[in-house]
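Novice: fold the following for me, if possible:
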Amino acid sequence: MPLLNALVEKYKNNSEIVFISFAMNEADELKTFFEKNIFSYQTVPTAEKIAKSYKVVFFPTNLVVDKSGKIVFNQSGYSDRIETNLEKAIETALHQ
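Specialist: Below you'll find the model as predicted:
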């Protein structure tokens, strides 16, 4: 989460970028989790239908969706390069 939070911080002044996480948990469970863990993404609780619509089956999954709604990056599972991979995909999507 610290790597993902760093991306949110980097792009916080860019109105073209929105960071959203889709959680399977109920809102009250998330509240308890976020009281102990800093996560800068906007989080949507009980988002099974949304996750399914993007064909997300593993967690964590990170997606970059361009302005036209096309998924231009999809990575499931942990990676210590996630910040670099996401940043490259974001920059590519911004400059299409």
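Novice: from now on I want contacts and neighbour counts done on CA atoms only, so please keep to that.
Specialist: Will do.
Novice: tell me the secondary structure of Phe58, please.
Specialist: Classification of Phe58 using DSSP: H, G, I helix; E, B strand; the rest coil returns coil.
Novice: what sits against it?
Specialist: Phe58 makes contact with 76-77 under the criterion C-alpha atoms under 8 Å, 6 or more residues apart in numbering.
Novice: and it, how far is that from Ala23?
Specialist: 12 Å (C-alpha to C-alpha, to the nearest Å).
Novice: what does Ile17 give?
Specialist: 19 Å.
Novice: what's the neighbour count on the residue lying closest to Val65 once chain neighbours are set aside?
Specialist: Leaving aside its sequence neighbours, Val65 sits nearest to Ile71 (C-alpha to C-alpha, 6 or more residues apart in numbering; 4.4 Å). With neighbours defined by other C-alpha atoms under 10 Å, the count for Ile71 comes to 13.
Novice: swap in the one 3 residues further on?
Specialist: Per other C-alpha under 10 Å, the neighbour tally for Asn74 reads 15.
Novice: and what about it, helix, strand or coil?
Specialist: Per three-state DSSP, Asn74 ends up strand.
Novice: any idea how far the nearest residue to it once chain neighbours are set aside is from Glu29?
Specialist: Among residues not flanking Asn74 along the chain, Leu63 sits closest, at 4.6 Å (C-alpha to C-alpha, 6+ apart). Distance from Leu63 to Glu29, counting by C-alpha to C-alpha: 24 Å.
Novice: repeat for Leu7
Specialist: Counting by C-alpha to C-alpha, the gap from Leu7 to Glu29 is 25 Å.
Novice: quick one on the thing from earlier: the residue nearest to Val65: what's it in contact with?
Specialist: Contacts of Ile71 by C-alpha under 8 Å, 6+ apart are 63-65.
Novice: in JSON lines, list these along with distance to Gly77 and secondary structure.
Specialist: Formatted as JSON lines, the contacts of Ile71 follow (distance: C-alpha to C-alpha, whole Å; DSSP: H, G, I helix; E, B strand; the rest coil):
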{"residue": "Leu63", "distance to Gly77": "12", "secondary structure": "strand"}
{"residue": "Val64", "distance to Gly77": "15", "secondary structure": "strand"}
{"residue": "Val65", "distance to Gly77": "18", "secondary structure": "strand"}
